[in-house]
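Student: take a look and give me a structure for this.
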Amino acid sequence: MINHMNLFLLEVLAICFYFASSITLIKDIKENCLKKLALALAWLASFTHLLSLSLSTWQEQGIDFSFFHTASIISLIIAFLLLFASFSKPVEKLGIALFPIAALMLILDLVYPSPVKTTQDFSFAMNAHILSSIIAFSLLTIAAFHALLLAVQNNQLKNHNPGRLMLAFPPLQAMESLLFQMISTGLLFLSASLLSGFIFIDDLFAQHLAHKTILSIVAWIIFSGLLIGRERYGWRGKTAIRWTLYGFLSLLLAYFGSKLVLELILNKF
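Tutor: Predicted coordinates:
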């Protein structure tokens with residue numbers, strides 16, 4: 001009972017810290033002196049989130065891969081990747097959107113716990129495959145949100161009406177360069193995920209895995225094509241944004257499509 005209460009309190013604290021960090025980042029757009037406080041709150045949120053997941057894993061004797069719990073794990077990794085990137089790149093304002101999403105995933109995991117825990121114990125090779133998959137998805141999720149911001153920034157600059165949020169970001173060329181860095185790194189992990197899947201999974205096109213494999217390959221082709229187009233033809237602007245979002249949508253369907261249908265619609269685990 002005490003452990004469950006501690007877990008609940010940790011999750012509530014993480015949710016509060018995430019929202020507080022996002023609100024502080026919004027205020028920093030006007031006041032320009034709250035960045036350190038916002039990042040400190042985000043670090044508190046992420047470590048509290050991590051502690052709650054660790055306690056949950058310890059209680060369940062393994063990692064729960066049910067729909068909302070998996071989404072919570074991925075949102076935590078996204079938060080950490082964003083925070084580490086903020087040491088060297090001006091990406092912290094992405095937390096305005098990403099931190100509330102992490103809080104929402106925690107709330108949904110609390111409100112809709114899986115009736116059947118999909119807790120599994122995998123081999124080292126399979127764990128490596130799962131980890132590379134999650135990191136790839138997390139990095140490319142950040143890239144997708146970055147592309148959306150880039151679209152808004154591009155539109156406002158064309159209309160000669162940049163808002164406060166857009167002025168808080170680096171110049172358009174620097175934002176595009178950062179987008180392609182994120183995509184390159186995400187593609188590297190996606191390649192590792194696909195390669196390890198082909199090596200270590202006996203039947204990658206088995207039931208419930210076929211669509212995931214095909215959509216992941218489609219995403220890999222889209223992102224690879226975008227990088228080649230950038231290198232050879234100088235693709236940028238709307239073209240880069242569209243390809244990024246198409247690739248992310250394919251990956252989103254690959255990672256969560258079957259889970260959504262099987263767990264939440266058909267109630268199969």
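
Student: low-scoring stretches of the protein, by residue?
Tutor: 1-4, 57-65, 114-124, 162-168, 201-209, 258-269 (pLDDT under 70).

Student: pick out the residue nearest the middle of it.
Tutor: Residue closest to the average C-alpha location in the chain (CA atoms, centre = their mean): S138, at 3.3 Å.

Student: residues of the helix or strand hosting that one that come out buried?
Tutor: Assigning secondary structure by DSSP states H and E places S138 in helix 124-158. Buried residues in helix 124-158, counted by 16 or more other CB atoms under 10 Å: 129-130, 132-151, 153-154. Where you see a C-beta, it was placed from the backbone N, CA and C, and this is true even at glycine.

Student: may I have stretch 92-105 as PDB, with CA atoms only?
Tutor: Only the C-alpha atoms of stretch 92-105 are listed here, as PDB (Å, rounded to 0.1, in the frame of the first residue of the first chain):
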ATOM      1  CA  GLU A  92      14.400  24.300 -24.800                       C
ATOM      2  CA  LYS A  93      11.300  26.100 -26.100                       C
ATOM      3  CA  LEU A  94      10.200  22.800 -27.700                       C
ATOM      4  CA  GLY A  95       9.400  21.900 -24.000                       C
ATOM      5  CA  ILE A  96       6.400  24.200 -24.200                       C
ATOM      6  CA  ALA A  97       4.700  21.500 -26.300                       C
ATOM      7  CA  LEU A  98       6.600  18.400 -25.300                       C
ATOM      8  CA  PHE A  99       6.500  18.700 -21.500                       C
ATOM      9  CA  PRO A 100       2.700  18.900 -21.300                       C
ATOM     10  CA  ILE A 101       2.500  15.900 -23.600                       C
ATOM     11  CA  ALA A 102       4.700  13.900 -21.100                       C
ATOM     12  CA  ALA A 103       2.400  15.000 -18.300                       C
ATOM     13  CA  LEU A 104      -0.600  14.000 -20.300                       C
ATOM     14  CA  MET A 105       0.900  10.500 -20.900                       C
END
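
Student: the residue nearest to the centre of the chain contacts L81, doesn't it?
Tutor: Yes. Contact status for S138 versus L81: in contact at 5.6 Å, counting by CB atoms under 8 Å.

Student: in contact with the residue nearest to the centre of the chain, which residues are there?
Tutor: Residues near S138 by CB atoms under 8 Å, 6 or more residues apart in numbering: I74, I77, I78, L81.

Student: who wins on neighbours among those?
Tutor: I78 (26 neighbours; other CB atoms under 10 Å).

Student: still on that earlier bit, helices - which of the contacts of S138 land there?
Tutor: Members of the contacts of S138 lying in helices (criterion: DSSP state H): I74, I77, I78, L81.

Student: contacts only, for A45.
Tutor: By CB under 8 Å, 6+ apart, the residues touching A45 are A14, I15, C16, F17, Y18, A20, S21, A79, F99, A102, A103.

Student: mind doing that once more with 10 Å?
Tutor: Taking CB atoms under 10 Å, 6 or more residues apart in numbering, we find A45 in contact with 13-22, 76, 79, 83, 95, 99, 102-103, 106.

Student: pull out the buried members of those.
Tutor: Neighbour counting by 16+ other CB under 10 Å classes 13-15, 17-22, 76, 79, 83, 95, 99, 102-103, 106 among these as buried.
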